[in-house]
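Engineer: my questions concern the predicted model and sequence given below.
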Amino acid sequence: MEPTLEGTVEVHSYLGPADDRTLADDVLDGLTRPLKELAPKHLYDARGSELFDAICELPEYYQTRTERLILRTRAQDVVARTGAVELVELGSGSADKTRVLLDAMDDAQTLRRYVPVDVSETTVHAAAETLVARYPGMSVHGVVGDFERHLGHLPAALGPRLFVFLGGTIGNFPPGSRRRFLRGLRKVMGAGDHLLLGTDLVKDPRIIEAAYDDSAGVTAQFNLNVLHVLNRELGANFDVDGFEHVAFYDRKRQWIEMRLRATDQQHVRVEALGLDVEFAPREELRTEISAKFTPERLRNDLAAAGLELVELYSDPDELFAVSLSRLG
Ligand code: SAH
Ligand code: AVI
């Protein structure tokens, strides 16, 4: 007989000293390149996660409310097509929009387990506790880890699974890593599993730039917060006030970049690495790219990973898309 899991919560962390080294390695590598760069996952300490949630509420940040609208309209269809009993969410964050999908699975009486995967430990614990209370028949198996390295630690499937990757987070990978990530994901998916993927769409660059440079300055705080992370975690001495937030859309590459620009000459010491870094006046540090998609770009990426598009859901203004795919 299968064990009864109803109402249980377990959270496993796969982040350890090797991951502290990841931050140190990324910083050593990224700050010594000709174009200085940091991986976007370092934006999400507890404060960064809070600031991201605040971004999702901003009038300029159309992505969250649009994706929620698409999910509300299509959740029943997704559940009927997939028959999923389990929802595995990558980069789950506060798992706010996830409730729309869990509600639909609950209504269809298929819901057995939720598996949030996120590098931010506090958000995995918070989502696990909130959601297990909301769905009494469901168990939660949280994974605190890196979705590029720890997908091998997912629990064995209880039945057909719906993998979800929302918010457009797939756009934060550079193109090569994006395809590698999708191939890795496909390898852990079984024949009866589906992927529900949120992608921001190519549109008027003015709309995109406003979403990443909001009038209340929340995105600027989110971006600058990464310097506090380096000061705290690696004993760096960045003068945070000496940097400004920059966001610009690259039309050729169809992505937006967030950067931090030194307003003046800066000398930074990163104590834990024994590293001294120079910033020339107006020199920039790239902290994130966020790729925007056309249906063609999406279909090609999925196909390259061996995934077949089943449905492409969008909103009336075609701002955002949520695609459903399965093994090709
Ligand atoms: N899915 C939510 C949150 C998106 S924000 C939404 O749609 O609103 C991106 C989330 O991905 C954050 O919670 C961040 O902590 C997580 N994340 C970023 N890089 C990650 C990585 N390499 N591995 C695991 N989680 C990561
Ligand atoms: C998480 N990710 C999809 C967000 C994005 O839009 O690329 C992160 C973000 N960066 C600035 N604002 C929001």
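Structural biologist: In hand now; what should we look at? Numbers count the residues shown, from 1 in each chain. Ligands and ions are numbered 1, 2, ... in the order given.

Engineer: list the helices and strands the lowest-mean-pLDDT helix or strand in the chain packs on?
Structural biologist: Every helix and strand of the chain was ranked by mean pLDDT, DSSP states H and E. The lowest is helix 17-30, at a mean of 85. Helices and strands touching helix 17-30, by 3 or more Cβ pairs under 8 Å, 6 or more residues apart in numbering; DSSP states H and E, are helix 218-234. In short, each C-beta sits where N, CA and C put it, glycine included.

Engineer: the helix it packs on relative to helix 17-30, how many degrees between them?
Structural biologist: Using axes from the mean of the first three to the mean of the last three Cα atoms, to 10 degrees, the inter-axis angle of helix 218-234 relative to helix 17-30 is 110 degrees.

Engineer: centre of the chain to the least confident helix or strand of the chain, how far?
Structural biologist: From the chain centre to the centre of helix 17-30 is a distance of 19 Å (Cα atoms, centre = their mean, to the nearest Å).

Engineer: mind listing what's buried in that helix?
Structural biologist: Going by neighbour count (16 or more other Cβ atoms under 10 Å), the buried part of helix 17-30 is 19, 22-24, 27-28, 30.

Engineer: isn't Ala220 up against His245?
Structural biologist: Yes. Applying Cβ atoms under 8 Å, one finds Ala220 in contact with His245, separated by 3.5 Å.

Engineer: which neighbours do those two share?
Structural biologist: Residues touching both Ala220 and His245 by Cβ atoms under 8 Å, 6 or more residues apart in numbering: Asp213.

Engineer: with adjacent residues omitted, what lies nearest to Ala157?
Structural biologist: Gly190 (6.0 Å; Cβ to Cβ, 6 or more residues apart in numbering).

Engineer: quick check, the one you found in contact with Arg161.
Structural biologist: Yes. Between Gly190 and Arg161 a contact is recorded at 7.2 Å, counting by Cβ under 8 Å.

Engineer: neighbour count: the two, which is higher?
Structural biologist: Comparing Gly190 with Arg161 by neighbour count (other Cβ atoms under 10 Å), the higher total belongs to Arg161, at 23 against 10.

Engineer: let me know the pLDDT of the more buried one.
Structural biologist: Confidence at Arg161, expressed as pLDDT, is 98.

Engineer: how close does it sit to ligand 1?
Structural biologist: Distance, Arg161 to ligand 1, by Cβ to the nearest ligand atom, to the nearest Å: 17 Å.

Engineer: list the contacts of that residue.
Structural biologist: Arg161 makes contact with 84-88, 189-190, 192-194, according to Cβ under 8 Å, 6+ apart.

Engineer: picking up where we left off before, kindly export the least confident helix or strand of the chain (C-alpha atoms) in CSV.
Structural biologist: Extracted in CSV, the C-alpha atoms of helix 17-30 (Å, rounded to 0.1, in the frame of the first residue of the first chain):
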residue,chain,number,x,y,z
PRO,A,17,29.4,25.0,1.5
ALA,A,18,29.7,24.3,-2.3
ASP,A,19,27.0,26.9,-2.8
ASP,A,20,28.8,29.5,-0.8
ARG,A,21,31.7,28.8,-3.1
THR,A,22,29.3,29.4,-6.0
LEU,A,23,28.8,33.0,-4.9
ALA,A,24,32.5,33.4,-4.3
ASP,A,25,33.3,31.7,-7.7
ASP,A,26,30.7,33.8,-9.6
VAL,A,27,32.0,37.0,-8.0
LEU,A,28,35.6,36.2,-8.7
ASP,A,29,34.8,35.2,-12.3
GLY,A,30,32.2,37.9,-12.9
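
Engineer: anything in that helix near ligand 1?
Structural biologist: No. Helix 17-30 is not in contact with ligand 1 by Cβ under 6 Å from any ligand atom; minimum separation 9.3 Å.

Engineer: and for stretch 223-237?
Structural biologist: No. Judged by Cβ under 6 Å from any ligand atom, stretch 223-237 stays clear of ligand 1, getting no closer than 12.1 Å.

Engineer: what's the answer for stretch 147-159, then?
Structural biologist: Yes. Using Cβ under 6 Å from any ligand atom, stretch 147-159 comes into contact with ligand 1 via 147-148.

Engineer: straight-line length of that stretch, end to end?
Structural biologist: Length of stretch 147-159, first residue to last, Cα to Cα, to the nearest Å: 21 Å.

Engineer: could you pull out the helices for the stretch 51-200 of the chain?
Structural biologist: Secondary structure of the stretch 51-200 of the chain by DSSP state H, counting those that start in this stretch: the helices cover 62-82, 98-107, 121-134, 175-188.

Engineer: surely Pro155 is in contact with Tyr114?
Structural biologist: No. Counting by Cβ under 8 Å, Pro155 stays clear of Tyr114, with 11.1 Å between them.

Engineer: between these two, which has more neighbouring residues?
Structural biologist: Shown here are Pro155 and Tyr114; by other Cβ under 10 Å, Tyr114 has more neighbours (26 against 15).

Engineer: now do the contacts for that one.
Structural biologist: Listed by Cβ under 8 Å, 6+ apart, the contact set of Tyr114 reads 86-87, 89, 98, 102, 128, 131-132, 135, 138-141.

Engineer: just say helix, strand or coil for the residue in the chain positioned nearest to ligand 2.
Structural biologist: Scanning the chain for proximity to ligand 2 using Cβ to the nearest ligand atom identifies Ser290 as nearest, at 3.3 Å. In three-state terms, and counting by DSSP: H, G, I helix; E, B strand; the rest coil, Ser290 is strand.
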